[in-house]
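A.B. asks: make a model of this:
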Amino acid sequence: MAMSAEEIKKEFGITPEQLDQWEADAAAGILHGEPSGPVTYGPGRPLMFDEEMKQVGFKEPVNKILLIDIRAAQLGMKRSEYLRHLVDEDLKLAGIA
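C.D. replies: This is a model prediction of the structure:
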């Protein structure tokens, strides 16, 4: 359900005129306010870590990928989280992490 202009003003303290001005400014490349998190440029997800990332990939048989996904789900993880977890644990065991 859409809010009326009066409800928006009461709830958020923003007038329809302000919204119109902000829309015009944004179209002109003028953005109001301060960033509330890391600013990334270009497409993609926000950064997960505070350092440069590089993709690592390898191929596995489809049946093994299914088992990886099952185990990840058992642990409440996504496949990528599970694989990162395995690498992190092995590096700790090796004493190099």
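A.B. asks: now the helix ranked longest in the chain: buried residues?
C.D. replies: Selection of the longest helix in the chain by residue count, based on DSSP state H, yields helix 79-93. By 16 or more other C-beta atoms under 10 Å, the buried positions in helix 79-93 come out as residue 82. C-beta: built from backbone N, CA, C; applies to glycine.
A.B. asks: what's that helix in contact with?
C.D. replies: For helix 79-93, contacts defined as C-beta atoms under 8 Å, 6 or more residues apart in numbering pick out 65, 68, 69, 71, 72, 75, 77, 97.
A.B. asks: any of the residues you listed buried? List them.
C.D. replies: Applying 16+ other C-beta under 10 Å to the contacts of helix 79-93 flags residue 72 as buried.
A.B. asks: helices - which of the contacts of helix 79-93 land there?
C.D. replies: 65, 68, 69, 71, 72.
A.B. asks: what's the closest of the contacts of helix 79-93 to residue 49?
C.D. replies: Residue 49 lies nearest to residue 97 out of the contacts of helix 79-93, by C-beta to C-beta, at 14.0 Å.
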